[in-house]
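S.K.: based on what follows, work out the 3D shape:
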Amino acid sequence: MKGFDVFQVFGVLILCGIVVSKECTNIPTQLSSHTLRYELLKSQNETWRQEMFAHYHLIPTDDSAWSNLLPRKILREEDELSWSMMYKKMKNPGSFNLAGDFLKEVSLHDVRLDPNSNHWRAQQTNLDYLLMLDVDNLVWSFRKTAGLATPRKPYGGWEGPDVELRGHFVGHYLSATAQMWASTHNDTLKEKMSAVVSALSVCQKKMGTGYLSAFPSEFFDRFEAIKPVWAPYYTIHKILAGLLDQYTFANNSQALDMTKWMVEYFYNRVQNVITKYTVERHYLSLNEETGGMNDVLYRLCTITGDPKHLLFAHLFDKPCFLGLLAVQADDISGFHANTHIPIVIGSQMRYEVTGDPLYKTISTSFMDIVNSSHSYATGGTSVSEFWSDPKRLASTLQTENEESCTTYNMLKVSRHLFRWTKEVAYADYYERALTNGVLGIQRGTEPGVMIYMLPQGRGVSKAVSYHKWGSPFDSFWCCYGTGIESFSKLGDSIYFEQEGSIPSLYIIQYISSTLDWKSRKIVLNQKVDPVVSWDPYLRATLTSSSKEGSGQSSSLNLRIPIWTNLKDAKATLNAQNLDLPAPGNFLTVKWSTEDKLTIQFPISLRTEPIKDDRPEYASVQAILYGPYLLSGYSSGDWDIKTGSTGSVADWITSVPAAYNNYLVTFSQDSGDSSFVLTNSNQSIRMTKFPKAGTDTAIHATFRLIFDDTSKKISAIGKTVMLEPFDFPGMVVVHQGTENNLAVTDSPNEAASSFRLVGGLDGKNGSVSLESVSQKGCYVYSGANYSSNISMKLSCNSASSGTGFNQAVSFVMNKGISEYHQISFVARGARRNFLLAPLQSFRDESYTIYFNIQP
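M.R.: Predicted coordinates for the structure are as follows:
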């Protein structure tokens, strides 16, 4: 076509654009923040809006202004020839084949998670949410834009009809439902996602140009004129990716036709910009976030084989940022993280499509930079959506760390790198980021309740960040979109296949699941025992069953994680011991259909310094147990004294499995309310009955310490001490009659021992706590009390009456909170810390990094 000839003229300029790098960020850079942009567009403060947008895409006009930008290094001049040569190769109209001997992705259709696994529960929670969402509500703004009838009403939050980013979540929904359908084959979901595609197709046909979005095309007029608009190509990327996923995973050919028509429309728009102005003008517009436009276009060209799609993809390879990575410069601070990680993912697809090794170097360099200087112990990155100064993370710990979108995208980067290199380090990273940065962003099993940021500061909570927990129908942040995708594809990186004369399977994640290994004609079953703190091993068993026509020989390659060690490590094939390679390698096993393989990897505790090279922060460290990042229940305390020991095991001990049997909550009813005995700042008070997963629920849970732990909790007449759940090593004490109860770590036995007796109110099942040292005196709440009243020890007398008996009688139930199966106690400087995996926390306050001193 004639337009394509115009693009050919700019082809070499596009490819050489990485050499002539341009400014890469909005000024002020805060405009890159999705959070700020949403607040800005909703604000009624016109002065603030004008001030911020007055600097939109400020262009340096002299050397001094240019020098104020972060140094943007360029490629060597001799590289220009290779760019031109590569362009000629890409003009070959032949099919696009993946470059290199890459591992093959295993289809989500062939992997099923074990219903007893945490991963399956997370997937099911997400499936429930996807099924809750209504088709008419989702496509409301698309229909409005197309001039069609709009039944029902639009959703709120970032999908609201007055929000410029509207429509982005619908694209994510298409991707998530396609992947979830492949993972579950849920028929109801397939009907719903097909209905969304059909509804969008009607909108596209009504407009008649190929354009499809929830906002009018005038947004792109503003984009191309370098005027303020909130990331329209970001939303278009999500829609394109969603439609392409509907084709890829659900074989929906209508979705592919819609994708190609959309791309034709935007190809022509960009062509007009370059023709009317210059390719540099187009690059200037890329300072507004464009999502993974290059990625989805490279994916499309692998399907269509159309060189036009390849060339269009090049136009979204942001030259100034990729050029920086090409020379391996750690110069990403100040960039909006989630604007640029998708660009790297797109460059990875460029490598796979073209075979140009420069793009392998770019993504390898990027991963090294982020991991070495900008990653938290979770595996995540960013603070308030941006990259901070390298190796200065101790100054960034707060509530607004690790935007969930960035973790979703970093997993994609590491997945590509592993498929290319088979290096265990990338699989280890994937495990860490998935375990700590993804699995904990849902609020338990509540459908549609997720977080935007993952706080990393002292005494933080997922419920107390800027965005807090979202809601199912009124949030729809960017991180909701990536969240529903993450939990729809939890099975996509457990197995990878190496094609060849002898099929080979790489098992890189230990997640209970089954694989229908079609090329081998067997069904492989991986069963992983639950990881616990009191038995420090990861154990897994692999078996298989044959399908008709099986019998071909094969091999399995099992990851030996870097966090394990060879002492007590075992691998047996049909009860025969195997030699194990060092951690960080693969164990290769020849596999036959009826074989049984078992592995046992020791899991050790370890500390990991924060990525900060300033000596004064050397003591700021995280605690990990294998891949699990442990967090302490803490409102801000973080001091740990290890003493002279060199072993972590000397100051951290596991919580025994039996301890959950002794967790209790004491409650009383007063009027229409129920109150619970609570540890409040080491003072015992009565507070209203709390919701599980909150600080108050933690504070209302106590462990009964018996002289003889073989006794049952319900045994009346036994002597007990009360240990607050989150203050291990401390107990409740009385301070004499009519004085308030307290919590201390240095009690005398007389003050901390209570006899569990039948409730003085005479009600069935009630109990009272009588002081062992002062008979006839009981833990007393007072009559007609309100929330937060202090508890004391009060003595029964002839004049006490019915009110006294009620005030010292409690219902003793199972504790509202319980120990996670991976729980430890760390010895602190002023108090001990109960540790549990970060992924298990809901609203509770926690601390990730500790000040660990000898």
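S.K.: any idea which helix or strand carries residue 484?
M.R.: In the assignment (DSSP states H and E), residue 484 maps to helix 478-486.
S.K.: by contact count, what packs against whatever helix or strand comes next after that helix?
M.R.: Sequence order places strand 495-498 as the next helix or strand after helix 478-486, per DSSP H and E. Here strand 495-498 touches strand 104-105, strand 504-507, going by 3 or more C-beta pairs under 8 Å, 6 or more residues apart in numbering; DSSP states H and E. Yep, even glycine has a C-beta here, placed from its N, CA and C like the rest.
S.K.: returning to that earlier point: and the helix holding residue 484, what other elements does it pack with?
M.R.: Helix 478-486 is packed against helix 118-132, helix 168-184, helix 404-421, with contacts defined by 3+ C-beta pairs under 8 Å, 6+ apart.
S.K.: returning to what we had before: and the helices and strands packed on strand 495-498, which is most packed in?
M.R.: Among the helices and strands packed on strand 495-498, judged by mean count of other C-beta atoms under 10 Å, the one packed with the most neighbours on average is strand 504-507 (a mean of 22).
S.K.: in PDB, list the C-alpha atoms belonging to that strand.
M.R.: What follows is strand 504-507, C-alpha atoms only, in PDB (Å, rounded to 0.1, in the frame of the first residue of the first chain):
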ATOM      1  CA  SER A 504      12.500 -32.800  27.800                       C
ATOM      2  CA  LEU A 505      10.500 -31.100  30.500                       C
ATOM      3  CA  TYR A 506      11.800 -28.300  32.800                       C
ATOM      4  CA  ILE A 507      10.000 -28.100  36.200                       C
END
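S.K.: which is the next helix or strand following it?
M.R.: strand 513-517.
S.K.: if I read this right, residue 127 contacts residue 186, doesn't it?
M.R.: Yes - under the criterion of C-beta atoms under 8 Å, residue 127 makes contact with residue 186 at 6.5 Å.
S.K.: which of the two has more neighbours?
M.R.: Shown here are residue 127 and residue 186; by other C-beta atoms under 10 Å, residue 127 has more neighbours (23 against 16).
S.K.: how far away is the more buried one from residue 448?
M.R.: Separation of residue 127 from residue 448 (C-beta to C-beta, to the nearest Å): 11 Å.
S.K.: would you mind giving the helices and strands packed on helix 478-486 as TSV with mean pLDDT and distance to residue 771 added?
M.R.: Output for these, formatted as TSV (pLDDT from 0 to 100; distance: least, C-beta to C-beta, whole Å):
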stretch	mean pLDDT	distance to residue 771
helix 118-132	98	43
helix 168-184	98	57
helix 404-421	98	50
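S.K.: what about residue 793, helix or strand, and which?
M.R.: strand 792-795.
S.K.: now for that strand, which elements pack on it?
M.R.: On the basis of 3+ C-beta pairs under 8 Å, 6+ apart, strand 792-795 makes packing contacts with strand 777-780.
S.K.: mean confidence for the strand it packs on?
M.R.: Per-residue pLDDT over strand 777-780 has a mean of 93.
S.K.: look through this structure and tell me its longest helix.
M.R.: Ordering each helix of the chain by length in residues (DSSP state H) puts helix 253-276 first.
S.K.: buried set for whichever helix or strand comes after that helix?
M.R.: For helix 253-276, the following helix or strand on the C-terminal side (DSSP H and E) is helix 279-285. By neighbour count with 16 or more other C-beta atoms under 10 Å, helix 279-285 contains the buried residues 279, 282-285.
S.K.: now swap in stretch 342-354 and tell me
M.R.: So stretch 342-354, judged by 16+ other C-beta under 10 Å, has buried residues 342-354.
S.K.: and if you look at stretch 732-741?
M.R.: Within stretch 732-741, the residues that count as buried by 16+ other C-beta under 10 Å are 732-734, 741.
S.K.: also stretch 490-504?
M.R.: Buried residues in stretch 490-504 (16+ other C-beta under 10 Å): 490-498, 503-504.
S.K.: go on, stretch 750-769?
M.R.: Buried residues in stretch 750-769 (16+ other C-beta under 10 Å): 751-757, 759-761, 766-769.
S.K.: show the end-to-end separation of that stretch, please.
M.R.: Taking C-alpha to C-alpha, to the nearest Å, stretch 750-769 runs 14 Å from one end to the other.
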